[in-house]
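>>> how would this look folded up:
(one chain, ligands or ions: 1)
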Amino acid sequence: MGLLALAEVERGARARLPAPIWDFIAGGSGEERTLAANLTQFGHYALRPRVLVDVSVCDPSVTLLGSPLRTPIGVAPMAYHRLVDPEGETATARAAGRTGTLLVAGIFASRSLEEIAAAATGPLWLQLYWLRRREVLAGLVERAEAAGYLALVLTVDAPRVGRRLRDLRNGFAVPSGVRAVNLDPELMAASHRGGAGASGIEDHAREQFDPALTWSDLAWLRARTRLPLVLKGILTAEDARLAAEHGADAVVVSNHGGRQLDGALTSLAALPEVVDALPPDFPVLFDGGVRTGTDIAVALALGARAVLVGRPVLWGLAVGGEDGAAEVLDLLGTELTHAMALLGRPRLRDLDRGALGAAAFAP
Ligand code: FNR
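Okay, the predicted model is just below:
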């Protein structure tokens, strides 16, 4: 593609995808205030470059829960990659492997966990929602372990699905040719219904997600696996402390890309309090609105160990399949390395809060 900026691939994806699918991917919940704020949040900080530092070698590599990564960038868990590319998650897995990044496959993946694992050449984690039927979760955990997944990511910001007005207006239903193949078709039937004023995604979640889940239930999952457990969707110091107390090995600071509680604070606003509430070496990941290498530099400077990227990976897949997704991930890594050089911080450990100031032009 010869990609220079992610905005180009966003335009390409929008032109290519049917409107209801574009809306499902691009949209947020409610008035989409949090969605919009995720993009402007980085403008609240200015970068403070240091000069006359030897930046002839800049090294963005990092180790995350024991896995070495070429860059501190991973693919956020997203449902149904086959909505945008006939191959789906196996193409994403190859793209992540090629670029030395992490793929977090979603519980609603449209390729089997085993096919994704066979295509992957880099680290793979599996994201779960807590379903009412625990035996289904237990089965997925067993399969993930057998297939070589290296961590489980439990998404905790979705006791129900956010009110995504675009999907309700479109009567969005997951097309029948795209299926969450890792789950029983009978469990997924509502996702394919949709219809006037309804969202298949919302209806399905109401039926299948367990809204009664509390901290004490985590022991059940903890006891079922030897894999590290990551909690995704933490936005407060209080919950960060509880996550550590209840045996989480890492957290993802995330507002679900503005798709859950509209009006929720931005991930970047939450990041410092979460980092400060946890022991210094506790891995904190970040997602939401990452579109450039300098966005990544800001999140790392505030204490994130790595970032996850959501929509841009689907744009890349939509426009160019595996190559398109790889190009998106490569560009972000290249931009980050460039930012490290111009910031005078050639190693990730040099990227601390001293790299940030208040932006004079804050949005
Ligand atoms: C998501 N996200 C998501 N998160 C999750 O834990 N489980 C899931 O199944 C999904 N599915 C999903 C589908 C689509 C189409 C999108 C866009 C997002 C949220 C995702 O993991 C991540 O938190 C955000 O996408 C990050 O924000 P950006 O990078 O998209 O701005």
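
>>> for the stretch 1-150 of the chain, which spans come out with low pLDDT?
Low-confidence segments of the stretch 1-150 of the chain (pLDDT under 70): 1.

>>> Against residue 301, how distant is residue 37?
Applying C-beta to C-beta, to the nearest Å, the value for residue 37 to residue 301 is 19 Å. To be clear about C-beta, it is placed using only N, CA and C from the backbone, and glycine gets the same treatment.

>>> Alongside the ligand, which residues does this protein contribute?
Counting by C-beta under 6 Å from any ligand atom, the residues of the chain close to the ligand are 25, 38, 76-79, 106, 108, 127, 155, 232, 254, 256-257, 259, 287-290, 309-311.

>>> Just the ones of those in strands?
127, 155, 232, 287, 309 (DSSP state E).

>>> Setting aside sequence neighbours, what's the nearest residue to the last one?
Yep, that's residue 309 we're talking about. residue 290 (5.1 Å; C-beta to C-beta, 6 or more residues apart in numbering).

>>> returning to what we had before: now the two most distant members of the ones in strands among the residues of the chain next to the ligand.
Within these, 155 and 309 form the most distant pair, 16.2 Å apart (C-beta to C-beta).

>>> and the closest residue to the ligand within the stretch 201-350 of the chain, what is it in contact with?
Residue nearest to the ligand within the stretch 201-350 of the chain: residue 310 (2.3 Å; C-beta to the nearest ligand atom). Counting by C-beta atoms under 8 Å, 6 or more residues apart in numbering, residue 310 touches 75, 76, 78, 257, 287, 288.

>>> Surely residue 307 is in contact with residue 72?
Yes. In this structure, residue 307 is within contact of residue 72 by C-beta atoms under 8 Å, at 6.5 Å.

>>> where exactly do the strands run in the stretch 51-200 of the chain?
Secondary structure of the stretch 51-200 of the chain (DSSP state E, counting those that start in this stretch): strands at 62-64, 67-69, 73-75, 102-105, 124-128, 151-155.

>>> Helices of the stretch 201-350 of the chain, start to end?
Ranges of helices in the stretch 201-350 of the chain, per DSSP state H, counting those that start in this stretch, are 218-224, 237-245, 267-277, 293-301, 311-343.

>>> Deepest in the core, which of these is it.
Highest mean neighbour count among these (mean count of other C-beta atoms under 10 Å): helix 293-301, with a mean of 25.

>>> Quick one: distance of that helix to the chain centre.
From the chain centre to the centre of helix 293-301 is a distance of 15 Å (C-alpha atoms, centre = their mean, to the nearest Å).

>>> Report the mean confidence score over it.
Here helix 293-301 scores 98 as its mean pLDDT.

>>> And that helix, what does it pack against?
With contacts taken as 3 or more C-beta pairs under 8 Å, 6 or more residues apart in numbering; DSSP states H and E, helix 293-301 sits against strand 45-47, helix 267-277, strand 306-309, helix 311-343.

>>> Now do it against helix 311-343, angle only.
Helix 293-301 runs at 80 degrees relative to helix 311-343, counting by axes from the mean of the first three to the mean of the last three C-alpha atoms, to 10 degrees.

>>> Need the residues that contact helix 293-301.
Residues outside helix 293-301 that contact it (C-beta under 8 Å, 6+ apart): 42, 45, 47, 72-73, 267-268, 271, 286, 289-290, 307, 332-340, 343, 348, 351-353, 355-356.

>>> repeat that for 7 Å
Applying C-beta atoms under 7 Å, 6 or more residues apart in numbering, the contact partners of helix 293-301 are 42, 45, 47, 72-73, 268, 271, 286, 289-290, 307, 332, 335-336, 338-340, 343, 348, 351-353, 355-356.

>>> Over to stretch 45-61?
Contact with stretch 45-61 is made by 68-72, 294, 297-298, 333, 336-337, 340-344, 346-348, 354-360, as judged by C-beta under 7 Å, 6+ apart.

>>> Recalculate using a threshold of 8 Å.
For stretch 45-61, contacts defined as C-beta under 8 Å, 6+ apart pick out 68-72, 100, 268, 294, 297-298, 301, 333, 336-337, 339-348, 354-361.

>>> the more surrounded of residue 155 and residue 309?
residue 309 (25 against 22; other C-beta atoms under 10 Å).

>>> how much space between that one and residue 184?
Look at residue 309 and residue 184: by C-beta to C-beta, they are 30 Å apart.

>>> okay if I get the strands of the stretch 51-200 of the chain as TSV plus distance to residue 322?
Output for those, formatted as TSV (distance: least, C-beta to C-beta, whole Å):
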stretch	distance to residue 322
strand 62-64	23
strand 67-69	19
strand 73-75	12
strand 102-105	12
strand 124-128	16
strand 151-155	23
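
>>> my read: residue 174 touches residue 191, true?
Yes. Using C-beta under 8 Å, residue 174 is in contact with residue 191, at 4.6 Å.
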